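Peer 1: have a look; sequence and predicted model below, questions after that.
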Amino acid sequence: MPLVTGMDALRHRLQLLSTERTNLQSQLLECRLRSEQEGKAYQKAYDERRVYLSEIAKVSSAFDLTRKQHLAQPRKATQNPEKR
């Protein structure tokens, strides 16, 4: 009789371990999926950041050019007062 009880205990333990294994595999799959989603979200944010930085650089360059032109105009006006 103790042998049967021992076998039953082993079967029960095996069932518990199988259930735990299934749960851990599910958690691993969820972690993989979440990691992929976070990676895609990161890449999207990174790409958007690059676009914004590019736009900022373009606007900054245009602003600098406009500012330089504006600063150059008063000099011409003071050098040639006859044109006014």
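Peer 2: Looks like it arrived, so ask away.
Peer 1: got the CA coordinates for stretch 20-33 in PDB?
Peer 2: Provided in PDB are the C-alpha atoms of stretch 20-33 (Å, rounded to 0.1, in the frame of the first residue of the first chain):
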ATOM      1  CA  GLU A  20       3.500  25.200 -13.300                       C
ATOM      2  CA  ARG A  21       5.400  24.600 -16.600                       C
ATOM      3  CA  THR A  22       2.300  25.500 -18.600                       C
ATOM      4  CA  ASN A  23       1.800  28.700 -16.600                       C
ATOM      5  CA  LEU A  24       5.500  29.600 -17.000                       C
ATOM      6  CA  GLN A  25       5.300  29.000 -20.700                       C
ATOM      7  CA  SER A  26       2.300  31.300 -20.900                       C
ATOM      8  CA  GLN A  27       4.100  34.000 -18.900                       C
ATOM      9  CA  LEU A  28       7.100  33.700 -21.200                       C
ATOM     10  CA  LEU A  29       5.000  34.100 -24.300                       C
ATOM     11  CA  GLU A  30       3.200  37.200 -22.800                       C
ATOM     12  CA  CYS A  31       6.600  38.700 -21.900                       C
ATOM     13  CA  ARG A  32       7.900  38.100 -25.500                       C
ATOM     14  CA  LEU A  33       4.800  39.700 -27.000                       C
END
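Peer 1: buried set for stretch 38-50?
Peer 2: In terms of neighbour count (16 or more other C-beta atoms under 10 Å), stretch 38-50 has no buried residues at all. Where you see a C-beta, it was placed from the backbone N, CA and C, and this is true even at glycine.
Peer 1: geometric centre of the chain: which residue is closest?
Peer 2: The structure's the chain has its C-alpha centroid closest to residue 42; by C-alpha atoms, centre = their mean the separation is 1.4 Å.
Peer 1: what about that one, which helix or strand?
Peer 2: For residue 42, the host element (DSSP states H and E) is helix 2-79.
Peer 1: sorry, back to before: from residue 49, how far out is the residue nearest to the centre of the chain?
Peer 2: Between residue 42 and residue 49 the computed distance is 10 Å (C-beta to C-beta, to the nearest Å).
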